[in-house]
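# attaching a predicted model along with its sequence, questions to come.
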Amino acid sequence: MTDIYKVRDMKKSTYEIDVATDKHRAWEILIGKNTYPIWTQPFNPASHFIGDWSEGSKMLFVGEDQQGNKGGMVSRIVANRPGELVSIEHYGVLEGDTEITDSEEIAKWAGAHENYFFATVGDKTRITVEMDIVEDYEQQFAEIWPKALQKLKELCEE
């Protein structure tokens, strides 16, 4: 599906937050059908997913542009270990109802991973996000991830 060399041109960005809950609850909130759209609002106010989080399954991460057109990412769940790890591989884009997985632009980042790690630190859970990213989007994600993680923290601590 993807070639390993494609990821080498990317940078790895890491973001962390400590939340006052246990690892399993943090994991459940991260991937929850009702909670995922809340904590991912900083990325896109209409953010949601279509699919399931089982290993090997296809997942669509969907939002809307300013004109209300559906779009997003076509991805695969590489690993999902409750309370430990969620690993996602992105390999295409969604434009309307069309999945595009082969283009020159997609080739620049296809195979990028987005990994979530959960670790107990004292009486809290540290959620670490590691993400392969092309340089063009580094600043955008550096601004959005802290906002998204703060929303995730608020949900975890309700």
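Nice, thanks for sending it over.
# helix or strand with the lowest mean pLDDT in this structure?
helix 5-8 (a mean of 44; mean pLDDT, DSSP states H and E).
# past it, which element shows up next along the chain?
strand 11-19 (DSSP states H and E).
# given that following strand, what are its sheet partners and their directions?
strand 124-133 (antiparallel) (DSSP bridges).
# how about the strand it pairs with as PDB, C-alpha atoms only?
C-alpha atoms of strand 124-133 as PDB (Å, rounded to 0.1, in the frame of the first residue of the first chain):
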ATOM      1  CA  LYS A 124      -2.100  10.700  35.900                       C
ATOM      2  CA  THR A 125      -2.000   9.400  32.300                       C
ATOM      3  CA  ARG A 126       0.400  11.000  29.800                       C
ATOM      4  CA  ILE A 127      -1.000  11.000  26.300                       C
ATOM      5  CA  THR A 128       1.800  11.400  23.800                       C
ATOM      6  CA  VAL A 129       1.000  12.000  20.100                       C
ATOM      7  CA  GLU A 130       3.800  11.300  17.500                       C
ATOM      8  CA  MET A 131       3.000  12.300  14.000                       C
ATOM      9  CA  ASP A 132       4.900  12.200  10.700                       C
ATOM     10  CA  ILE A 133       4.400  15.500   9.000                       C
END
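# buried stuff in it?
Buried positions in strand 124-133, judged by neighbour count with 16 or more other Cβ atoms under 10 Å: Lys124, Thr125, Arg126, Ile127, Val129, Met131, Asp132, Ile133. All C-beta atoms are positioned from the backbone trio N, CA, C, and that covers glycine.
# check the offset of that strand from the chain's centre.
Here the centre of strand 124-133 is set off from its chain's centre by 10 Å, with Cα atoms, centre = their mean, to the nearest Å.
# for that strand, what is the average pLDDT?
Mean pLDDT, computed over strand 124-133, is 96.
# center of the protein - which residue?
Taking Cα atoms, centre = their mean, the centroid of the chain lies closest to Glu114, which sits 5.5 Å from it.
# ok, that residue touching His90?
Yes - using Cβ atoms under 8 Å as the test, Glu114 is close enough to His90 to be in contact (6.8 Å).
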